[in-house]
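Visitor: here is a sequence together with a model predicted from it:
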Amino acid sequence: MIDLPAKIKSSRLLMQVVRYGVNCGVSLGVKLVLVQLLFFVMDEQIAYAVVQVPQFLFSYYLHSKQTFRTPMSYTGMGRYLRVVVVFQILDYLVFTLAFSQLGIHSMISVIIATVVIFVVRFFFVRRGFLVKN
């Protein structure tokens, strides 16, 4: 592996963080729309759980193509899934805590759950995309 100067490494990392933030914002928008549509036909917690599957696929696509610019593959998706699954569970637990226990409005709870784990998740997702098995 070529050892890049620290300035180049840090600017590449900064660009990844920016792209990650933008893509998370787009993913959040899609998530909010899907959740809101499902809230009309089912319980909020079930709807939130159901949305996790299309959200995962959309998120993998965005982060693979845009954030980290790596080729999409089943192997990469499996690696991404291993990295993200814990955060999806954490995301759901934060949503449930905010909505059920604290009584915060369901849509605000979705936003809270997504924002709470943003920074930590970036570094785990980054490692999942960039570390080869």
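Guide: Structure's in. What do you need? Predicted model, so just to flag it, every value in this text is computed and none were measured.
Visitor: go ahead and confirm Gln88 touches Phe56.
Guide: Yes: using CB atoms under 8 Å as the test, Gln88 is close enough to Phe56 to be in contact (7.0 Å). Using the backbone N, CA and C atoms, a C-beta is placed for each residue, glycine as well.
Visitor: check which element follows the helix ranked longest in the chain along the chain.
Guide: Counting residues, the longest helix found in the chain (DSSP state H) is helix 6-39. Where DSSP states H and E defines the elements, the next helix or strand beyond helix 6-39 is helix 44-62.
Visitor: show me what the helix or strand that comes right after that next one is packed against.
Guide: Per DSSP H and E, the first helix or strand lying C-terminal to helix 44-62 is helix 74-96. Packing contacts for helix 74-96, counted by 3 or more CB pairs under 8 Å, 6 or more residues apart in numbering; DSSP states H and E, involve helix 44-62, helix 106-116, helix 118-130.
Visitor: right, I'll leave it there.
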